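Chemist: Structure here, sequence nowhere to be found:
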């Protein structure tokens, strides 16, 4: 017998001894049938209790399921009703959308026409504005011309008044001269001597003035009776420090006066100064 065979026999014997232990113990003690029966009965009761519990749970779940099913059916009906309502609402909204679309198209066409009209109106307004600017320029020119005409009219009125005063003064001087000539003729015819016909110069308070107009041998001053000017008062006209002429007052207004230019060394001009007393 080889060594390997011996080892195998020993291992086999050991295995038999280990395996035989439980069988030997079972054979010595024997089965406990009563305890096994009680255990089986207890297991059966537990199984029945468990089955009853499962049955009760199943019934509860069944009722819950039925309730859920009824609710689901009700919800489904409600959903169907809601869907029908929504379909009607969708149809109504679709109809309204079609109407609104038509109105929007009309409004878009109206807006386009309005835009075109607005652009045309803007062009017209620009043209009117250009014409207005042109007319404004013309109005400014006309206003300037009107002011110039008014100024000319005022000058003409001033000259006319001056001319009227000058005419009155000359007429008075003419009448005076005729009277003096008549008087001289009468005195000559009567054999009288020569008498001076020069009127004395009227004196008064010192008055300073300016020349406002000059026509031939006549000139006007910007002072009159309100300043103390009297007829036959003599003014000296000067320009700077230069003597220009004498002016003998023949016509007196409230705020102006007119006289005859005498002893001129220069031609009097508007703006020259005048005074009845240069001391």
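Modeler: Nice, I can see it. Model, not experiment: these values are computed from the prediction. Numbers count the residues shown, from 1 in each chain.
Chemist: pLDDT weak spots in the stretch 51-200 of the chain?
Modeler: Scanning the stretch 51-200 of the chain for pLDDT under 70 picks out 152-153, 155-177, 179-180, 184, 187, 191-200.
Chemist: Mind listing what's buried along stretch 263-279?
Modeler: The neighbour-count check on stretch 263-279 (16 or more other CB atoms under 10 Å) flags 268, 272-274, 276 as buried. Just so you know, the C-beta spots here come from the backbone N, C-alpha and C atoms, and that holds for glycine as well.
Chemist: which one in these is the model shakiest on?
Modeler: The lowest pLDDT within these belongs to residue 276, which sits at 92.
Chemist: Enumerate every residue touching that residue.
Modeler: By CB atoms under 8 Å, 6 or more residues apart in numbering, residue 276 lies in contact with 203-204, 206-207, 233-236.
Chemist: circling back to that earlier point, looking at the buried residues of stretch 263-279, spot the one nearest residue 130.
Modeler: residue 272 (51.0 Å; CB to CB).
Chemist: In terms of helix, strand or coil, where does the nearest residue to the closest one once chain neighbours are set aside fall?
Modeler: With sequence-adjacent residues excluded and distances taken as CB to CB, 6 or more residues apart in numbering, residue 272 is closest to residue 211, at 4.4 Å. Taken by DSSP: H, G, I helix; E, B strand; the rest coil, the conformation at residue 211 corresponds to strand.
Chemist: My read is that residue 211 contacts residue 275, right?
Modeler: No - with contact defined as CB atoms under 8 Å, residue 211 does not count as touching residue 275 (11.5 Å).
Chemist: can you list the domain ranges for this protein.
Modeler: Split into domains by automatic domain parsing, the chain comes to 38-163, 198-275.
Chemist: Distance from the chain centre to the shortest one, please.
Modeler: The chain centre lies 61 Å from the centre of domain 198-275; the measure is CA atoms, centre = their mean, to the nearest Å.
Chemist: Likewise for the first one?
Modeler: Relative to the chain's own centre, domain 38-163 is displaced by 30 Å; criterion: CA atoms, centre = their mean.
Chemist: can you pull out the helices in the protein?
Modeler: 3-29, 33-189 (DSSP state H).
Chemist: To residue 217, which of these lies closest?
Modeler: Comparing the helices of the chain by CB to CB, helix 33-189 comes nearest, at 9.0 Å.
Chemist: Check which helices and strands that closest one is in contact with.
Modeler: strand 208-215, strand 218-221, strand 242-252, strand 257-262 (3 or more CB pairs under 8 Å, 6 or more residues apart in numbering; DSSP states H and E).
Chemist: Single out the most deeply packed of those.
Modeler: Stretch with highest mean neighbour count among those: strand 218-221 (a mean of 26; mean count of other CB atoms under 10 Å).
Chemist: Neighbouring strands - and their directions - for that one?
Modeler: The strands beside strand 218-221 in its sheet (DSSP bridges) come out as strand 208-215 (antiparallel), strand 257-262 (antiparallel).
Chemist: Compare the ones you listed and give me the one nearest residue 108.
Modeler: strand 208-215 (76.2 Å).
Chemist: Now do that closest one against strand 242-252, angle only.
Modeler: With axes from the mean of the first three to the mean of the last three CA atoms, to 10 degrees defining the directions, strand 208-215 sits at 80 degrees from strand 242-252.
Chemist: Out of the strands paired with strand 218-221, which is closest to residue 121?
Modeler: It is, among the strands paired with strand 218-221 and with distance given as CB to CB, strand 208-215, at 57.2 Å.
Chemist: report the angle between the axes of the closest one and helix 33-189?
Modeler: For strand 208-215 against helix 33-189, the angle by the same axes, to 10 degrees is 80 degrees.
Chemist: pLDDT (mean, whole number) over strand 208-215?
Modeler: Mean predicted confidence for strand 208-215 is 94.
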